[in-house]
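Novice: Quick one: sequence plus predicted model below, questions after.
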Amino acid sequence: MIVRVGFSADPDDAFMYWGIASGTVDRRGYEFEPEINDIQTLNEWAREGRLEVTAMSAATYPLVQDRYLILPHGASLGTGYGPVVVAREPMPLEELRETEIVVPGSLTTAYLVLRMALGGDVPVRQLPFDRILPEVAEGRAKAGLLIHEGQLTYRDHGLVKCLDLGEWWLLETGLPLPLGLNAIRRDIGPDAIADVSAVLRESIDAALEHRDDALTYALGFGRGLDDERGDEFVGMYVNELTQDFGEEGRAAVEELLRRAEAVGAFPAPVRVEFAP
């Protein structure tokens with residue numbers, strides 16, 4: 001059976017896939033094919049059910065909950081840090097609420113939490129995530145919402161942080177912020193779900209056990225990150241909650257989607273369901 005695995009073109013997702021890519025883990029007879037794209041595209045593909053396994057924004061899951069289960073591993077959660085709103089000069093929240101902010105996609109968790117933090121709909125313009133930083137640095141936008149490695153590199157471009165959504169979320173809830181998660185299509189059946197889930201979990205474990213080799217692979221997706229910052233970024237989003245959500249991680253997903261449902265973010269009631 002061919003299993004297409006969608007993941008973002010960034011170091012933490014690539015790091016988690018290293019065990020499969022390198023042949024280090026037993027694939028249990030399945031043929032794994034990586035499908036690498038930006039997170040907004042993966043979110044859109046998830047709505048079509050295109051891939052058997054895919055990374056997606058936590059904010060997208062309620063839109064595909066009838067088609068996918070959340071895998072208990074592979075998530076990107078940050079405790080006290082997360083996507084950041086940056087500008088060329090400091091801007092208070094009152095000013096941000098009235099400023100057009102360039103965002104990486106309407107289906108991203110970053111955009112959802114931005115709306116929560118700023119209190120409703122805010123003027124935004126969408127761009128691919130890797131074009132947002134230069135858009136702000138070069139003066140074509142006053143503010144931008146950065147995900148992935150931009151969270152570490154914005155100062156190199158003379159920008160300042162106006163709002164850290166991970167900090168805001170921690171103060172609001174006391175929980176880590178669940179940004180991305182991995183999900184598996186229900187229709188491949190319970191046996192395949194169990195097998196594929198085990199392979200993916202073992203791939204994460206293998207990467208952590210062979211960190212240097214996995215980092216070398218992951219930095220090929222780092223868009224200029226040096227070894228030190230690449231290691232820092234992977235450490236931010238591949239941690240014990242990535243290996244297993246645990247009670248805290250599951251509570252964080254439930255809280256995020258409960259709050260989003262309460263403000264009318266989704267057309268139908270949210271049902272959070274994890275694969276065994």
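Specialist: Noted; the coordinates are in hand. Residues are numbered from 1 along each chain as shown.
Novice: Need the CA coordinates for the strand or helix carrying residue 255. CSV is fine.
Specialist: Counting by DSSP states H and E, the element that carries residue 255 is helix 246-262. What follows is helix 246-262 as a C-alpha-only set of coordinates in CSV (Å, rounded to 0.1, in the frame of the first residue of the first chain):
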residue,chain,number,x,y,z
GLY,A,246,-0.4,13.3,26.6
GLU,A,247,-3.2,14.8,28.8
GLU,A,248,-1.8,18.3,28.5
GLY,A,249,-1.5,18.3,24.7
ARG,A,250,-4.9,16.8,24.3
ALA,A,251,-6.4,19.4,26.6
ALA,A,252,-4.7,22.1,24.6
VAL,A,253,-6.3,20.9,21.4
GLU,A,254,-9.7,20.7,23.0
GLU,A,255,-9.4,24.2,24.5
LEU,A,256,-8.2,25.8,21.2
LEU,A,257,-11.0,24.3,19.2
ARG,A,258,-13.6,24.9,22.0
ARG,A,259,-12.8,28.6,22.0
ALA,A,260,-12.8,28.7,18.2
GLU,A,261,-16.2,27.0,18.1
ALA,A,262,-17.5,29.5,20.6
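Novice: other SSEs contacting that helix?
Specialist: Judged by 3 or more CB pairs under 8 Å, 6 or more residues apart in numbering; DSSP states H and E, helix 246-262 is in contact with helix 61-64, helix 109-118, strand 177-185, helix 240-243. (C-beta placed from N, C-alpha, C; glycine too.)
Novice: Am I right that residue 32 sits in a strand?
Specialist: Yes: judged by DSSP: H, G, I helix; E, B strand; the rest coil, residue 32 forms part of a strand.
Novice: domain parsing for the protein?
Specialist: Segmentation of the chain into domains, based on automatic domain parsing, reads 2-78+176-262, 84-173.
Novice: Figure out which of these is closest to residue 273.
Specialist: Between residue 273 and the domains of the chain, the shortest gap by CB to CB is with domain 2-78+176-262, which sits at 5.6 Å.
Novice: chain center to that closest one, what's the gap?
Specialist: 8 Å (CA atoms, centre = their mean, to the nearest Å).
Novice: Which stretches in the stretch 101-250 of the chain count as strands?
Specialist: Listed in chain order, the strands of the stretch 101-250 of the chain (DSSP state E, counting those that start in this stretch) span 101-103, 124-126, 143-146, 160-164, 177-185.
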